[in-house]
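Visitor: predicted model and sequence below, questions to follow.
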Amino acid sequence: MKTTIQRLLVLTAALVPWLLSPAVFADPELAWKNVGTDPPQDRHKVCRHMLVGPGKNQPATYEGYNGFVGWTGTSRLRSGRWIVTFSSGHWHASFPWTDEIRERCQADPKVWARFQAWRGFGLSDLRSPRGGRTHFIYSDDEGKTWSKPKPLIDTELDDRHPTILELDDGTLFCTFFSSSFLDPARVFTIRSSDDGNTWSKPVQLGAEGEPLGKGEAFGNGSLILLPNDTVVIATQADDWPGKKLPEKTGNVYIGVYRSSDRGETFELAATVPTRPNGDGEPGIARLPDGRLVLIVRRNGDVYWSDDDGQTWTEPRSTGVDMYDPHLVVLPNGVLACFHGSYGAGGLRVILSPDGGSTWHGPKERIGYAVDPSVYGYSHPLVLPDGTIYLTYLHTGGHLPEDARTEAIWGLRLDIKDKADGIEILPALGSAAAASQSR
């Protein structure tokens, strides 16, 4: 996913002040504090539990599947059931590929150059008529055992990064995005009223049914439900309907969508441009004081909104070089940002005791190590006891051998009340949990 987004960017850009609300916070940088230490470096290896992987709980095979699984979403229903959604395919980006598609790509020099560049990253020419698809698994025993993967969506494009949100009436609402070499990425939504047994046809996310414009759009599972049952989705795009954006600025824009009818229709509530080097993948959460907080890759820029997402402050950087950031608020009030780390590698988390104004880590601009051995894309879930259950993929799947040995892990951790450290806990089904039960 990183390479998909990177190819869209031009790294020179300027903010567009008239698209933003007046700044509430004047300081250009957030305060950073070095607090606490990392947990033992190998504890994650005995505490994590493989949910899907080589020889374990594999999805049904199909033409073009080469073992790649990843880009997870994690949800807990009111019934207590846990659901993990994920994508499968042949590579990091499992675009559909046939002889006909190859000929069409060769006819477009820009598309063919992109294909050749991605070949350098390990992309194969494995025949895959429908590209990647999405699945879900569920657990009724708090993650100890998991169901066999069930199909979620399979369009003619590469379907990725599904995430399920349970609405107030029990409806399951899911977002994902689809793309190919010849089709720009678009965000879609589907719904289920029978616990995921059947799903509606995909609807492209847009203002009053309009498409997202001529540019591409991505989503990494960033959606929340407000107390008034409004659904809020933050996604990335470089063009938006009804908004005249500066031409060829190179900015990536974050769109904040809201729905007041349980996801039937959405309105574009705000358009937020990132700063230079920002390239989307937004994370969003609601703070205890009612404000919304938004963070984006790659600068770790933070924005706030005090009107449910209609207007946003100017960005203030955490100073953390990150990708795929996800925000969650703990019952103790701590705001946690799980992310992949450019600076230290692997999956890490930074912690804020004050809604994102200051951030804690064990050393300068580096978060606490969650699992330093993996690629870094994850999705966190806050459990009723205040701990976190986190799902994530093992590698980026760039090389064929990586795809064939790809895995999805589950891990639990606790975040200290003072936002000064984390504790890795045994996930049910892990070696550490089995040892404790003897």
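Guide: Ah, there it is. Predicted model, so just to flag it, every value in this text is computed and none were measured. Residues are numbered from 1 along each chain as shown.
Visitor: just after the helix-or-strand element of the chain with minimal mean pLDDT, pick out the following helix or strand.
Guide: Ranked by mean pLDDT, DSSP states H and E, the weakest helix or strand in the chain is helix 2-6, scoring a mean of 38. Next in sequence after helix 2-6, counting helices and strands by DSSP states H and E, comes strand 31-34.
Visitor: pull up the pairing partners for that next one, direction included.
Guide: Using DSSP bridges, the strands paired with strand 31-34 are strand 358-361 (parallel).
Visitor: helices or strands up against the helix or strand that comes right after the strand it pairs with?
Guide: Counting by DSSP H and E, the next helix or strand C-terminal to strand 358-361 is strand 368-371. Here strand 368-371 is seen to pack against helix 43-47, strand 347-352, strand 408-415, strand 422-425 when contacts are counted using 3 or more C-beta pairs under 8 Å, 6 or more residues apart in numbering; DSSP states H and E. Yep, even glycine has a C-beta here, placed from its N, CA and C like the rest.
Visitor: with just CA atoms, put the first one into PDB.
Guide: C-alpha atoms of helix 43-47 as PDB (Å, rounded to 0.1, in the frame of the first residue of the first chain):
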ATOM      1  CA  ARG A  43       7.900 -10.800  24.100                       C
ATOM      2  CA  HIS A  44       5.700 -10.200  21.100                       C
ATOM      3  CA  LYS A  45       6.900 -13.500  19.500                       C
ATOM      4  CA  VAL A  46       5.400 -15.600  22.200                       C
ATOM      5  CA  CYS A  47       2.300 -13.400  22.900                       C
END
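Visitor: per-residue pLDDT, the nearest residue to H398 once chain neighbours are set aside?
Guide: Nearest non-adjacent residue to H398, counting by C-beta to C-beta, 6 or more residues apart in numbering: G122, 4.4 Å away. For G122, the pLDDT comes out at 90.
Visitor: D414 and V334, how far apart?
Guide: Computed as C-beta to C-beta, to the nearest Å, the D414 to V334 distance reads 11 Å.
Visitor: compare the two and say which is more crowded by neighbours.
Guide: V334 (21 against 15; other C-beta atoms under 10 Å).
Visitor: apart from its neighbours in sequence, what residue is nearest that one?
Guide: Using C-beta to C-beta, 6+ apart and skipping the chain neighbours, the partner closest in space to V334 is A419 (4.6 Å).
Visitor: burial check on the one you found, number of neighbours?
Guide: Quick note: A419 (other C-beta under 10 Å) scores 25 neighbours.
Visitor: list the contacts of it.
Guide: 35, 334, 351-353, 360 (C-beta atoms under 8 Å, 6 or more residues apart in numbering).
Visitor: could you check the angle the helix or strand F338 falls within makes with strand 347-352?
Guide: Using DSSP H and E, F338 falls within strand 335-341. Using axes from the mean of the first three to the mean of the last three C-alpha atoms, to 10 degrees, the inter-axis angle of strand 335-341 relative to strand 347-352 is 150 degrees.
Visitor: pLDDT on strand 335-341, on average?
Guide: Strand 335-341 comes out at a mean pLDDT of 97.
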